[in-house]
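Undergrad: Next input, structure requested:
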Amino acid sequence: SKAQRISMDSLGAIFSHLPDAGQVRSDLFSAASALRNMDITAILTAERTQDYGDISRFGVEEFVADNVVILRNVLAEEKRRRTIEVLKYRGTGHQKGEFPFTVLRGQGIIIIPLSAIELEQRSSNVRITSGSAELDRICGGGFFRDSILLVSGATGTGKTLMVTEFMAGGVANDERCLLFAFEESRDQLFRNATGWGVDYEQMERDGKLKVVCRYPETTGLEDHMVKIKEDMDSFKPNRVAIDSLSALERVSTLRSFREFIISLTSHIKQSEVAGLFTSTTPSLVGGTSITEAHISTITDSIILLRYVEMYGEVRRGLTVLKMRGSMHDKDIREFTIDHQGMHIGRPFRNVTGILTGNPVYLNQVEIDRMGELFQDSGS
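TA: Prediction:
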């Protein structure tokens, strides 16, 4: 047939009748030598009895082949995770370690090469609005156009509202906005936005907004990643929002979730668009970490939303914890929510320990004394 490629699937079926491993090795060497003499590229498949252990069933297949690729489908924390590893590749260098992949209808195998991603994207000095004039002022003039922002807070603190204002601010500036919602249905999102004075339906009719609602449990994170990239490539947005990462985190292992975030942030940055993620903290008041998965180091800016208990009343506080490449306001400001959206007010004064969830009220005498101590150390 003058073939240039051959697939033998599988070696286990071919040599299962041979009890002697030496005979198997001899026959494999003979077959490999014959294929090389015919200048044929051959793919030989072999079964494994376990994901981590012996490379092949007969223990000799990997020594005959020039290249060895291992496919795994490991069960961890009651969740399956497909990975691919290039164990051996004669004559050239290759990326080491396991890489996640998925299999999709009509597309076949899609590999996500996380460690092959390089930090080569350009950085922009252009500022864009957050949708709130006061928040823009706190952030030193707005967000950077190609930055990744993380909004972290307990349930009900206003994370989805910040996403809504972020989308509305982009549409007001004639930008294309893409929203991925993993916790609320489409009707619920549109109803909430209307309650805050934002018309999602009109934005969609104008072609400036696209809302994609998916439940995290419908598929794996790798499939979600592929679909997000497809939506971004087709819609070509200027802004992307994910609400929320916590919903995706609960359907994956910690390692899979971190790989998903790395791939997602890299694609957003390479596309030179602004990204906003929301994350729900487990504690209602305060907290020891911004996110349980410790993904805060991957983002460029972090906005914390916290409940503050004062004199038997629950209030809301906002602070910009981190903003790479820009000065920002360090105060913890009180904010309120009504039918017109979020309103950021004055900083909390005479109160310490808000972020830890243990507010302590200081009288003016104590504040003056602490001020004098700092002045003395400065002099």
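Undergrad: Let me see the ranges of the helices in the stretch 101-250 of the chain.
TA: With DSSP state H, counting those that start in this stretch as the criterion, the stretch 101-250 of the chain has helices at 133-138, 159-172, 186-195, 200-205, 221-235, 245-249.
Undergrad: neighbouring contacts of the shortest one?
TA: Applying C-beta atoms under 8 Å, 6 or more residues apart in numbering, the external contacts of helix 245-249 come out as 182-183, 216, 221, 224, 257, 260-261, 277-280, 291-293, 295. (C-beta placed from N, C-alpha, C; glycine too.)
Undergrad: What of the third one?
TA: Counting by C-beta under 8 Å, 6+ apart, helix 186-195 makes contact with T160, L161, T164, L179, A181, E184, D199, Y200, E201, V211, C213, H339, all of which sit outside it.
Undergrad: Grab the CA positions of that helix and hand them over as CSV.
TA: Output of helix 186-195 as CSV, limited to C-alpha atoms (Å, rounded to 0.1, in the frame of the first residue of the first chain):
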residue,chain,number,x,y,z
ARG,A,186,-29.3,33.9,32.8
ASP,A,187,-32.7,35.1,34.0
GLN,A,188,-31.5,35.7,37.5
LEU,A,189,-28.5,37.6,36.2
PHE,A,190,-30.6,39.8,34.0
ARG,A,191,-33.1,40.4,36.8
ASN,A,192,-30.4,41.4,39.3
ALA,A,193,-28.8,43.7,36.7
THR,A,194,-32.1,45.4,36.1
GLY,A,195,-32.5,45.9,39.9
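Undergrad: follow-up on the earlier one: take the helices of the stretch 101-250 of the chain and write them to JSON lines, including mean pLDDT.
TA: Below are those laid out as JSON lines (pLDDT from 0 to 100):
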{"stretch": "helix 133-138", "mean pLDDT": "94"}
{"stretch": "helix 159-172", "mean pLDDT": "96"}
{"stretch": "helix 186-195", "mean pLDDT": "95"}
{"stretch": "helix 200-205", "mean pLDDT": "96"}
{"stretch": "helix 221-235", "mean pLDDT": "93"}
{"stretch": "helix 245-249", "mean pLDDT": "89"}
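Undergrad: Quick one: closest of those to R36.
TA: helix 221-235 (35.4 Å; C-beta to C-beta).
Undergrad: Okay, buried residues for the closest one please.
TA: Across helix 221-235, burial judged by 16 or more other C-beta atoms under 10 Å covers L221, E222, H224, M225, V226, I228, K229, D231, M232.
Undergrad: In the protein, where is pLDDT below threshold?
TA: Residues of the chain that meet the criterion pLDDT under 70 lie in 114-123, 284-294, 356-359, 361-379.
Undergrad: Could you rerun that using 80?
TA: Along the chain, the parts satisfying pLDDT under 80 run over 12, 15-22, 49, 53-62, 77-78, 113-124, 282-297, 310-312, 349-379.
Undergrad: related to what we said a few turns ago, tell me which of the helices of the stretch 101-250 of the chain sits nearest to V314.
TA: Closest approach to V314 among the helices of the stretch 101-250 of the chain is made by helix 159-172 (16.6 Å; C-beta to C-beta).
Undergrad: and the closest one with helix 186-195, angle?
TA: Interaxial angle of helix 159-172 relative to helix 186-195 (axes from the mean of the first three to the mean of the last three C-alpha atoms, to 10 degrees): 70 degrees.
Undergrad: and helix 159-172, C-alpha only, in PDB?
TA: Output of helix 159-172 as PDB, limited to C-alpha atoms (Å, rounded to 0.1, in the frame of the first residue of the first chain):
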ATOM      1  CA  LYS A 159     -19.100  40.600  44.000                       C
ATOM      2  CA  THR A 160     -21.700  40.100  41.300                       C
ATOM      3  CA  LEU A 161     -22.600  43.800  41.500                       C
ATOM      4  CA  MET A 162     -19.000  44.700  40.800                       C
ATOM      5  CA  VAL A 163     -19.000  42.400  37.800                       C
ATOM      6  CA  THR A 164     -22.300  44.100  36.600                       C
ATOM      7  CA  GLU A 165     -20.800  47.600  36.900                       C
ATOM      8  CA  PHE A 166     -17.600  46.400  35.300                       C
ATOM      9  CA  MET A 167     -19.600  45.200  32.300                       C
ATOM     10  CA  ALA A 168     -21.700  48.400  32.200                       C
ATOM     11  CA  GLY A 169     -18.600  50.600  32.300                       C
ATOM     12  CA  GLY A 170     -17.200  48.800  29.300                       C
ATOM     13  CA  VAL A 171     -20.400  49.000  27.300                       C
ATOM     14  CA  ALA A 172     -20.600  52.800  28.100                       C
END
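Undergrad: and that helix, how far out from the chain's middle?
TA: A distance of 19 Å separates the centroid of the chain from that of helix 159-172, by C-alpha atoms, centre = their mean, to the nearest Å.
Undergrad: what's the closest of the buried residues of helix 221-235 to P100?
TA: Distances from P100 to these, taken by C-beta to C-beta, are shortest for E222, at 5.2 Å.
Undergrad: Report the contact partners of the residue nearest to T319 when sequence neighbours are not counted.
TA: Once flanking residues are discounted, T319 sits nearest to I332: 4.4 Å by C-beta to C-beta, 6 or more residues apart in numbering. If you count contacts by C-beta under 8 Å, 6+ apart, I332 has them with R306, G317, L318, T319, P347, F348, I354, L355.
Undergrad: The second one contacts I303, doesn't it?
TA: No: counting by C-beta atoms under 8 Å, G317 stays clear of I303, with 11.2 Å between them.
Undergrad: Let's verify P19: helix, strand, or coil?
TA: What DSSP: H, G, I helix; E, B strand; the rest coil gives for P19 is coil.
Undergrad: Please report how far it lies from D27.
TA: Distance of P19 to D27, given as C-beta to C-beta, to the nearest Å: 13 Å.
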